[in-house]
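S.K.: fold the following.
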Amino acid sequence: MHPETKTASAVRAPTWCRAVASLCLGAAVVAALVGCTGSISSTGPGSSSSVGSGPGAVGSSGGPGSGLATSPQCATAPLASGPAYIRRLTRWEYTNTIADVLNVTGVDTASLLLPDIRANGFSNDYGGQLATPDHAAAYQAAADAVSAALSATPTWLTRFTACTQTVASCRDQVVSALGLHLFRRPATTAEVASFGGLFDTAVSAGKTTAVDAAAVVVRAMLQSPQFLYRLEVQAPPSAGAVARQVNDYEMASRLSYLVWSSAPDGVLLAAAQAGQLRTSDQIRAQVARMIALPHAREVAQRYFREWLSLDDLDNETRGAAFTPQLAADMKSQTLNDVGDQLWDKGQSLLSMLTTKTTLVSPALAQYYGLGAPSADGHYGLDGVPGRVGMLTHAGVLTINGDANASIVQRGLFIFRKMLCQDVPAPPSGATSVMLAPATASQRVQSDARLANEPCKSCHGQFDPFAYGFEPFDNMGGWQTKDVNGNPVRQDGWLTVPSGPNVPYTTIADYMNLLTEDSRVTACIENHVTQFAWGRAMTAGDQCMLEDIGARMKTSKNQNMADLVVAVTTSPYFGYTSVQ
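M.R.: Coordinates of the predicted model:
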């Protein structure tokens, strides 16, 4: 399994000290990252709970009209509830932040950091972010490498300040400027004094230029909790409050790490300083600017890469024909289609189930039996058996099955990824029950399960979701007979809990039915919201999901960009719980 997509089902988030150490050097970072307990509390310029509130704010106090949800219980529900989770930068977020803020070249920070653990389907989920001493050592190695690269670049500091002397006034300007960009908010007086002391110590130790002394400060900042974690104030705005609106700098970070997986740029920080990240119109304008830049497209592809578990292709085994190059081409097909169709062309999210064009390598085109591409490099899928939408991509079919092209595995994949449903683990000994010969087709074996209890009550929920995929082998190749010579079928039915099952006869019919199923739309919105928040959605998030769903229904194109706007302009995005 790919190291960045390793699943963690029972990993807990890191807990935190109530007071954050201002410097983390060497072994000290271990205590800051690993040995702390309690809730985080961080104050400083721009962190007052009153910032970002008032008439016209993105959210409201949680009273009637605070969102678009129509359920009666949502009319007076708070805009945030439950614990507030502190998220650590992922390896990709760290790498993007270093590149964008410090413009460091020649340092592969990703190779120095530990792989992320995927929890609840995504690598940015707090459940996989338990910090260990190994993380501390990796962060120190990365900070050392970045600091050394800066020291070798005499002009790097001029990006932050024109005052590049070692005198006290310049020192404070240097520390303040670096703190603003690396901590994603103005540095506090205490932080300026503390990191300024390190600057002075570096000068006394022989770092004769501000450039070299500042590189030492950066080394320390990169190992501090203020940089490594996305900290938000947890002081309540008033006695008894359960939620507060995030301040402008916190909103800037929420936006930047959702849309770019990187730190706020100068425009966002300037907007935060001016108090211009408070209203829905202000947020919408910033998001429109941000999604037009390259990082946003990369994040959209990263989302699908993790949601569909595409990195699992790196470690799949399907025999000699399944080469690393074929696996890479399969992954690229889906990612390129996401970038091309869902992002660049702005097609609706549901179109991913029915699209009839694709971008593939010549080798994969031959694998599919496609003709010549169009002038712009796209391949048409009309007349190609079974190929309709991303769920029929060879890579997705390889991942969601197993070496036997299992209906069980493929059904569970659709059940979990497209309907946000799950089932308990099978009872002990269930897998040893043989209801049909091992050489029977997958469909015959499933029919036997659905004809017997207790198998039917469980498998009846998800097996039928894979019936349409039986014509695809374990590498997503088209087949008319399976490996045992059994004929395959693509007819079946869509299970509907509250009504009669809906039959279909072809894969194309099945994909069309999925686009009409409200559960699929809600699940897509659920997963993207989960990616935004870095945690699985719970029953307590129902009002937020209703609000985002209502915003999507009124959006123009109902595409990926519209969903990002729906998430970020929902009042729930602008609030946090207080503890």
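S.K.: okay, CA-based contacts and neighbour counts for the rest of this
M.R.: Fine.
S.K.: next, give phi and psi for the spatially closest residue to residue 510 that is not a sequence neighbour.
M.R.: Spatial nearest neighbour of residue 510, chain neighbours left out: residue 504 (5.8 Å); criterion: Cα to Cα, 6 or more residues apart in numbering. In terms of degrees, to the nearest 10, the main-chain angles of residue 504 are phi -140, psi 160.
S.K.: gap between residue 504 and residue 460?
M.R.: Noted for residue 504: a distance of 16 Å to residue 460, by Cα to Cα, to the nearest Å.
S.K.: before we move on, what about residue 76?
M.R.: 39 Å.
S.K.: dump the residue contacts of residue 451.
M.R.: For residue 451, no residue meets the contact criterion (Cα atoms under 8 Å, 6 or more residues apart in numbering).
S.K.: now do the same for residue 149: helix, strand or coil?
M.R.: Following DSSP: H, G, I helix; E, B strand; the rest coil, we place residue 149 in the helix state.
S.K.: next, count neighbours for it.
M.R.: Neighbourhood size, residue 149 [other Cα atoms under 10 Å]: 17.
S.K.: just give the nearest non-adjacent residue to it, would you?
M.R.: Closest to residue 149 by Cα to Cα, 6+ apart is residue 104, at 6.9 Å.
S.K.: do residue 465 as well
M.R.: residue 411 (4.9 Å).
S.K.: for the stretch 301-450 of the chain, give me the ranges with low pLDDT.
M.R.: Counting by pLDDT under 70, the stretch 301-450 of the chain contains low-confidence ranges at 431-433.
S.K.: number of nearby residues for residue 332?
M.R.: Number of residues near residue 332 (other Cα under 10 Å) recorded here: 18.
S.K.: what secondary structure does it sit in?
M.R.: helix.
S.K.: what residues are up against it?
M.R.: residue 360.
S.K.: and it, how far from residue 363?
M.R.: Distance from residue 332 to residue 363, by Cα to Cα: 12 Å.
S.K.: ditto for residue 528
M.R.: Distance of residue 528 to residue 363, given as Cα to Cα: 32 Å.
S.K.: ok, these two, which is more surrounded?
M.R.: Using other Cα under 10 Å as the criterion, residue 528 and residue 363 rank with residue 528 on top: 19 against 12.
S.K.: check which element follows the helix or strand where the more buried one lies along the chain.
M.R.: Assigned by DSSP states H and E, residue 528 falls within helix 518-533. Where DSSP H and E defines the elements, the next helix or strand beyond helix 518-533 is helix 542-553.
S.K.: for that next one, buried residues please.
M.R.: 542, 543, 544, 545, 546, 547, 548, 549, 550, 551, 552 (16 or more other Cα atoms under 10 Å).
S.K.: wouldn't the second one be in contact with residue 78 here?
M.R.: Okay, so that is residue 543. No: using Cα atoms under 8 Å, residue 543 is not in contact with residue 78; the gap is 9.4 Å.
S.K.: which stretches in the stretch 201-350 of the chain count as strands?
M.R.: For the stretch 201-350 of the chain, the strands defined by DSSP state E, counting those that start in this stretch occupy 243-245.
S.K.: roughly how far apart are residue 449 and residue 117?
M.R.: For residue 449, the distance to residue 117 - Cα to Cα - is 35 Å.
S.K.: and those two? Which one has more around it.
M.R.: Comparing residue 449 with residue 117 by other Cα under 10 Å, the one with more neighbours is residue 117, at 25 against 22.
S.K.: hmm, that one is touching residue 131, no?
M.R.: No: using Cα under 8 Å as the test, residue 117 is too far from residue 131 to be in contact (11.1 Å).
S.K.: give the residue farthest from the middle of the chain.
M.R.: No residue in the chain sits farther from the centre than residue 204, which is 44.1 Å out by Cα atoms, centre = their mean.
S.K.: so it versus residue 369, what's the distance?
M.R.: 70 Å.
S.K.: now do residue 88
M.R.: From residue 88 over to residue 369 (counting by Cα to Cα), the distance is 45 Å.
S.K.: which of these two has more neighbours?
M.R.: Set residue 88 next to residue 369 and count neighbours by other Cα under 10 Å: residue 88 wins out with 24 against 14.
S.K.: contacts only, for the more buried one.
M.R.: Listed by Cα under 8 Å, 6+ apart, the contact partners of residue 88 are 126, 129, 228, 229, 230.
S.K.: pLDDT and neighbour count for the residues you listed - can I get that in TSV?
M.R.: Listed next are these as TSV, based on pLDDT from 0 to 100; neighbours: other Cα atoms under 10 Å:
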residue	pLDDT	neighbour count
126	94	26
129	95	23
228	98	20
229	97	15
230	96	18
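S.K.: need these in a markdown table (columns: distance to residue 266).
M.R.: Shown next, in a markdown table, are these (distance: Cα to Cα, whole Å):
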| residue | distance to residue 266 |
| --- | --- |
| 126 | 27 |
| 129 | 28 |
| 228 | 20 |
| 229 | 20 |
| 230 | 18 |
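S.K.: tell me which of those residues is nearest to residue 278?
M.R.: Nearest to residue 278, judged by Cα to Cα, of those is residue 230 at 19.3 Å.
S.K.: contacts only, for the closest one.
M.R.: Residue 230 touches 86, 87, 88, 89, 253, counting by Cα under 8 Å, 6+ apart.
S.K.: please redo it, this time with the cut-off set to 7 Å
M.R.: 86, 87, 88 (Cα atoms under 7 Å, 6 or more residues apart in numbering).
S.K.: return the subset of those lying in helices.
M.R.: With DSSP state H as the criterion, helices contain none of those.
S.K.: tell me the one among those residues nearest to residue 240.
M.R.: Using Cα to Cα, residue 86 is the member of the contacts of residue 230 that sits closest to residue 240, with 21.7 Å.
S.K.: how about the contacts made by the closest one?
M.R.: By Cα under 7 Å, 6+ apart, residue 86 lies in contact with 229, 230, 231.
S.K.: and if you look at residue 561?
M.R.: Per Cα under 7 Å, 6+ apart, neighbours of residue 561: none.
S.K.: please, which helix or strand holds it?
M.R.: helix 560-569.
S.K.: what about stretch 228-239, distance to the chain center?
M.R.: Between the centre of stretch 228-239 and the centre of its chain there are 22 Å (Cα atoms, centre = their mean, to the nearest Å).
S.K.: can you show me the CA trace of that stretch as PDB?
M.R.: Taking Å, rounded to 0.1, in the frame of the first residue of the first chain, the C-alpha atoms of stretch 228-239 are listed here in PDB:
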ATOM      1  CA  LEU A 228       3.500  22.600  12.300                       C
ATOM      2  CA  TYR A 229       0.000  22.800  13.500                       C
ATOM      3  CA  ARG A 230      -2.900  24.900  12.300                       C
ATOM      4  CA  LEU A 231      -3.700  26.500  15.700                       C
ATOM      5  CA  GLU A 232      -6.900  28.400  16.400                       C
ATOM      6  CA  VAL A 233      -7.900  30.200  19.600                       C
ATOM      7  CA  GLN A 234     -10.000  28.200  22.000                       C
ATOM      8  CA  ALA A 235     -11.000  31.000  24.400                       C
ATOM      9  CA  PRO A 236     -14.800  31.400  24.400                       C
ATOM     10  CA  PRO A 237     -16.100  34.800  23.200                       C
ATOM     11  CA  SER A 238     -18.400  35.000  26.200                       C
ATOM     12  CA  ALA A 239     -19.400  33.000  29.300                       C
END
